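Visitor: Prediction below, plus the sequence it came from.
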Protein chains: 2
Amino acid sequence: MAKVLVVEDDIDLCVAISDSLTDDEHHTVEVFHDGLDSLSAFKTTEYDVVVLDWDLPGMSGIDVLKNFRSAGGMTPVIMLTGKNELKDKELGLDSGADDYLTKPFHLKELAARIRSLLRRPPVVQSNVLKHGDLMLDPSNFRITRSGDELRLSPRDFALLEFLMRHPTNIFSVEALLARVWNYDSDATPEGLRVAIRRIRKVVDTSDALDSSIIENVARVGYRLRPPGKTL
Amino acid sequence: MAKVLVVEDDIDLCVAISDSLTDDEHHTVEVFHDGLDSLSAFKTTEYDVVVLDWDLPGMSGIDVLKNFRSAGGMTPVIMLTGKNELKDKELGLDSGADDYLTKPFHLKELAARIRSLLRRPPVVQSNVLKHGDLMLDPSNFRITRSGDELRLSPRDFALLEFLMRHPTNIFSVEALLARVWNYDSDATPEGLRVAIRRIRKVVDTSDALDSSIIENVARVGYRLRPPGKTL
DNA sequence: CTGTCTTGTTATAAAGCGGTAACAGTTTCA
DNA sequence: TGAAACTGTTACCGCTTTATAACAAGACAG
């Protein structure tokens, strides 16, 4: 039950693969026949596995793969090819393919190799922001302090995230409204103050303002208080 | 420059592999000729990659592998065998092998496949996805909690499986529709909500939303709730 | 063809985000 | 000193999102 991209110019083989993966393995299959076409799908859509033919019109599979990998793509890829020569296999694997299947092959073997790749846990390259014992994971919308999760609403989260991305800078109210509220016309300083209030309520361990995670610099703006520092 | 275990009873082949990996690839190679002997080394020593022959005296490679995997071993394993039949390949891969190489093979191809395995992040080899006391077996379409089977329809199953494959990530409604539903279908957020509702009805032990297996973050999306955590 | 299972729609209720308004305390500076 | 601006806090509410139940249209097997 995974989302699979198949890039293969042989229509008959395409249909066979697609049917096998759909009916027997219950995967969702998307098909391209042209290397160049596939590259955009490759980059815009998240697949769980990609089955990529070596010989393709438009752009060769190996170039598609190289291009994708150099752009940071991490999706597991199985190369599919008629070439059985050593150099090709090496080249394929070294170009970032995760597996390699030589034509002709059994559909069941392809299915088994896909299962094998699906077992790999997804690579989570989390760029977690840390501030003292506080950890904020922007992509997973998670804030934790020593394992315990704290909850903030999206806007409050965005505000705290912004401050944590620029831990030393001081931002005026206008700057914060502009950058966190994204130039929303009806963003007001009151809204910001209330948002800060909510963040403090959740994140602060003490209710003393002068040890709050968000520090106010009189008449200048707000910034993150350096960890462990009380005014 | 990795630590490689080679288990192979053909002495000549052993030497060839060992020399190739040592001289050309600069790996550290350790060799066993007996399945039973290798199992202890397997379990006591941390290797980066294991090259494991299928036919071995003492204990067959496949049994060594199964034993190792069921004990929680995660080291990448390349199975080596003369058998070229489909059933064997499936069995090998489904028993937890990460790759499969048929004799005769080029030493350079083995080296390339080892390089490929070394590139990928540590693997957890298991067909079943676990989440707390819940186990989901994608290939057998089964969900169980402490032995008792739970029943979900295919689509609901696919949704839960997807979430369990990405247990930490949060997904927007659109992302889930794109990845679990056929993207060209006219899937609607309502359908997704109802599917989630059905999953919760079956899987949750309590009907309190804040301890449901599927957690909603308002205006952000859905994710799996870490086991044993209530908001 | 008929009952069952799947999968979605619709209607309605509930929850919670995100903000406004009001006001109190504090600082700045003429 | 006193007004004005700045900041913190609370209460409250409109609106979007989410939950839930009831129901209906297909799909599918017997």
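Guide: Done, it's in. Numbers count the residues shown, from 1 in each chain, chains lettered A, B, ... in the order given.

Visitor: What ranges in chain A fall below the confidence cut-off?
Guide: The model of chain A has pLDDT under 70 over residues A:83-89, A:92, A:123-125, A:185, A:229-231.

Visitor: which stretches of chain A form helices?
Guide: Secondary structure of chain A by DSSP state H: the helices cover A:11-19, A:35-44, A:61-70, A:86-94, A:107-119, A:154-165, A:173-180, A:189-203.

Visitor: For those helices, give me TSV that also has distance to B:Leu129 and mean neighbour count.
Guide: For every residue, glycine as well, the C-beta is placed using N, CA and C. Output for the helices of chain A, formatted as TSV (distance: least, Cβ to Cβ, whole Å; neighbours: other Cβ atoms under 10 Å in any protein chain shown):
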stretch	distance to B:Leu129	mean neighbour count
helix A:11-19	25	15
helix A:35-44	26	17
helix A:61-70	27	19
helix A:86-94	27	18
helix A:107-119	9	20
helix A:154-165	28	19
helix A:173-180	37	16
helix A:189-203	32	15
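
Visitor: Between these, which one is closest to B:Gly221.
Guide: Relative to B:Gly221, the nearest member of these by Cβ to Cβ is helix A:154-165, separated by 10.2 Å.

Visitor: what helices or strands is the closest one leaning on?
Guide: Applying 3 or more Cβ pairs under 8 Å, 6 or more residues apart in numbering or on different chains; DSSP states H and E, one finds that helix A:154-165 contacts strand A:129-131, strand A:134-137, helix A:173-180, helix A:189-203, strand A:221-224.

Visitor: about what we covered before: could the helices of chain A go into a markdown table alongside distance to B:Arg119?
Guide: Listed next are those as a markdown table, based on distance: least, Cβ to Cβ, whole Å:
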| stretch | distance to B:Arg119 |
| --- | --- |
| helix A:11-19 | 26 |
| helix A:35-44 | 19 |
| helix A:61-70 | 11 |
| helix A:86-94 | 9 |
| helix A:107-119 | 13 |
| helix A:154-165 | 31 |
| helix A:173-180 | 38 |
| helix A:189-203 | 39 |
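
Visitor: DNA strand D: which of these is closest?
Guide: Ranking the helices of chain A by distance to DNA strand D, with Cβ to the nearest atom of the strand as the measure, places helix A:189-203 first at 4.2 Å.

Visitor: So the closest one, near chain B or not?
Guide: No: using Cβ under 8 Å from any Cβ of the partner chain, helix A:189-203 never reaches chain B; the gap is at least 12.5 Å.

Visitor: list the contacts for A:Glu8?
Guide: By Cβ atoms under 8 Å, 6 or more residues apart in numbering or on different chains, the contact set of A:Glu8 is A:Cys14, A:Ile17, A:Val31, A:His33, A:Val51, A:Asp53, A:Leu56, A:Leu80.

Visitor: and what of A:Ser20?
Guide: With contact taken as Cβ under 8 Å, 6+ apart, A:Ser20 is in contact with A:Leu107, A:Lys108, A:Leu110, A:Ala111.

Visitor: Please apply the same query to A:Asp34.
Guide: A:Asp9, A:Leu56, A:Pro57, A:Gly58, A:Met59.
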